[in-house]
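> quick one: sequence and predicted model below, then my questions.
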Amino acid sequence: MTLRSLLDEHRGEELDLYARTINPQFVRLLRTIGFDRRWARAEGAYLYDADGTRFLDLLGGFGIYNVGRNNPRIRAALVEALELDTPGKVQLGVSALPGLLAKALLERAPSSLGRVLFTSSGTEAVEGALKLGRAATGRSKVVSCEHGFHGLTLGSLSAAGDAVFSERFGPLLPGFSRVPFDDLEALEAALRGQDVAVFIVEPVQGHGPHFPSDGYLEGAQELCRRYGTLFCVDEVQTGFGRTGRMFALDHWGLEPDLLTVAKSLSGGYVPVGALLMSRAVCDAVFDSLEHSVSHGSTFAPNDLAMAAGLATLEELDSERLPEQAARMGELLLERTRPLVERYEVVKNVRGLGLIWAIEFQEPDGGSRSWRMLERVQTGLFAQLVVMPLFDRHKILTQVAGHDSNVIKILPPLVLSEDDVDWFVEALDATLSRAEKLPRAMVRFAIKAARANRPRHGFFSKTGSSRA
Ligand code: PMP
């Protein structure tokens, strides 16, 4: 059997097979919003369906494809790693690739960070930060931000800023509390007791997205220092060029004690995450022979993940992808700002590098159709834009977060000016239709939302739970 023959034999069965063996509700969701395509191949910022139609991928796999899909440099590095028959995981022994990737990461990170713990996902990197932060400080409390997102395992979930992710999965860990994002007074009140181990924050909150005011992150770092709390920046989504710098923290010159990364370090191929930490944290936790293996995971760091990470860092540097993200992000803002004037339903557009969003609002003077949609579910208007963008204009986008009327994109950083034009023109055309809220559209949306509605609404959950 070859993979090719296996795939040929089952061509066209992917959705039914997935529904039968993995998750029928997810397939139902794809069918309801018309995202039930049969995907055939991918390259850079494009996906091709089984008919050969090209789609512009502005989701970027929820931010794992910063270097583009099927990037040849990463693929070549992986093939080379396979052909080298590297020693792999010796477990009671080490190989060179993990040390080399750790070195490459530390060279690009702030000087406050001196050691690396590898993981296989973002949430595991966060778990590491929470556990090691507790051991290093001898404190147990953790403070996070409202609307923050750090992953779906129980520790990360305990730090989540929206209850919608944790309902039904409790009880969560004790000692966790939340403060509003961008509020230094609230943070100081939470840290003042000098009993908080870790303050964890995304520099740009992915679920929103919400951008920090000037001085907020620097102020948060300063408060953490003052009260002996470890400052943990979660860059699982914002890292590796996404915001126009290698790490988002570079915009503000932050020097955290803990930094979590994952997603795009994989080159889109092999899952990998990392917790970068200060030497002080590392030495406090791994402080003796007895504690030399206090935390870890069997498969991290494996050679293929390390090879993908090394090739990804090289690709980001040599193709100057953070700079490209900065340029394309500026262009996108410049081209989409006029939509705020042009359409009453557009409340604002916002972005930093290639994390970009458009927020909708009820048109001036009120709209009956809008209110009907909102009554059924917040975010339904945004979904009425996402669907034609996909179906008619062949562009993948998503509704951001729960209970929001926001569309958010996280495209591969290889996005071109032509791609930006494609998106802006499609958005303009879609908004001019959607703003009028044609009756048929409203009826369809309400019917679909009602038919599928679980307790928290339906459409706004499409893909938002992990990005
Ligand atoms: N932290 C942040 C900021 C994230 O955006 C995510 C995933 N969207 C995670 C952690 C969790 O990463 P993973 O899905 O790899 O566990």
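In hand now; what should we look at? Numbering: from 1, shown residues only.
> C-alpha from now on. contacts and neighbour counts both.
Fine.
> am I right that residue 112 is in contact with residue 256?
Yes: applying C-alpha atoms under 8 Å as the test, residue 112 and residue 256 come out as touching, 6.4 Å apart.
> for the ligand, see how far away residue 92 is.
27 Å (C-alpha to the nearest ligand atom, to the nearest Å).
> what about that residue, which helix or strand?
Counting by DSSP states H and E, no helix or strand carries residue 92.
> okay, now it: neighbour count?
5 (other C-alpha atoms under 10 Å).
> what is the neighbour count of residue 391?
Look at residue 391: counted by other C-alpha under 10 Å, it has 14 neighbours.
> now do it against the ligand, distance only.
25 Å.
> ok, now how distant is the residue nearest to that residue when sequence neighbours are not counted from residue 63?
Excluding the flanking residues, the one nearest residue 391 by C-alpha to C-alpha, 6 or more residues apart in numbering is residue 34, at 7.3 Å. Separation of residue 34 from residue 63 (C-alpha to C-alpha, to the nearest Å) stands at 22 Å.
> and these two? Which one has more around it.
Shown here are residue 34 and residue 63; by other C-alpha under 10 Å, residue 63 has more neighbours (27 against 13).
> now stretch 370-382: mean pLDDT?
Stretch 370-382 shows a mean pLDDT of 85.
> oh, I was asking about stretch 276-291
Averaged across stretch 276-291, pLDDT comes to 97.
> same check, this time on stretch 107-117
On average, the pLDDT along stretch 107-117 is 98.
> next: stretch 306-317.
Stretch 306-317 comes out at a mean pLDDT of 98.
> likewise for stretch 394-409?
Mean predicted confidence for stretch 394-409 is 90.
> chain center to it, what's the gap?
Counting by C-alpha atoms, centre = their mean, to the nearest Å, stretch 394-409 is centred 13 Å from the centre of its parent chain.
> give the buried residues for the longest helix along the chain.
Longest helix in the chain by number of residues (criterion: DSSP state H): helix 417-434. For helix 417-434, the neighbour count (16 or more other C-alpha atoms under 10 Å) marks 419, 420, 423, 424, 426, 427, 428, 430, 431, 434 as buried.
> on that earlier part again, look up how far the ligand lies from the residue nearest to residue 391.
23 Å.
> distance of that residue from residue 320?
Residue 34 sits 36 Å away from residue 320, going by C-alpha to C-alpha.
> ok, residue 441 next?
Using C-alpha to C-alpha, residue 441 is found at 43 Å from residue 320.
> how far does the helix or strand hosting residue 233 sit from the chain's center?
Assigned by DSSP H and E, residue 233 belongs to strand 230-234. Chain-centre distance of strand 230-234: 17 Å, with C-alpha atoms, centre = their mean.
> residues making contact with it?
Contact with strand 230-234 is made by 126, 129, 133, 150, 197-203, 220-221, 224-225, 249, 256-261, as judged by C-alpha atoms under 8 Å, 6 or more residues apart in numbering.
> wait, residue 48 sits on residue 42?
Yes: with contact defined as C-alpha under 8 Å, residue 48 counts as touching residue 42 (5.9 Å).
> quick one: contacts for the closest residue to residue 172 other than its chain neighbours?
Leaving aside its chain neighbours, residue 172 sits nearest to residue 158 (5.4 Å; criterion: C-alpha to C-alpha, 6+ apart). Applying C-alpha under 8 Å, 6+ apart, we find residue 158 in contact with 166, 172, 173, 176.
> helix, strand or coil for residue 292?
What DSSP: H, G, I helix; E, B strand; the rest coil gives for residue 292 is coil.
> got phi/psi on it?
Dihedral angles of residue 292 (phi, psi; degrees, to the nearest 10) stand at phi -70, psi -20.
> that one contacts residue 286, doesn't it?
Yes: under the criterion of C-alpha under 8 Å, residue 292 makes contact with residue 286 at 5.1 Å.
> between the two, which one's more packed in?
Just comparing residue 292 and residue 286: by other C-alpha under 10 Å the higher neighbour count belongs to residue 286, 17 against 11.
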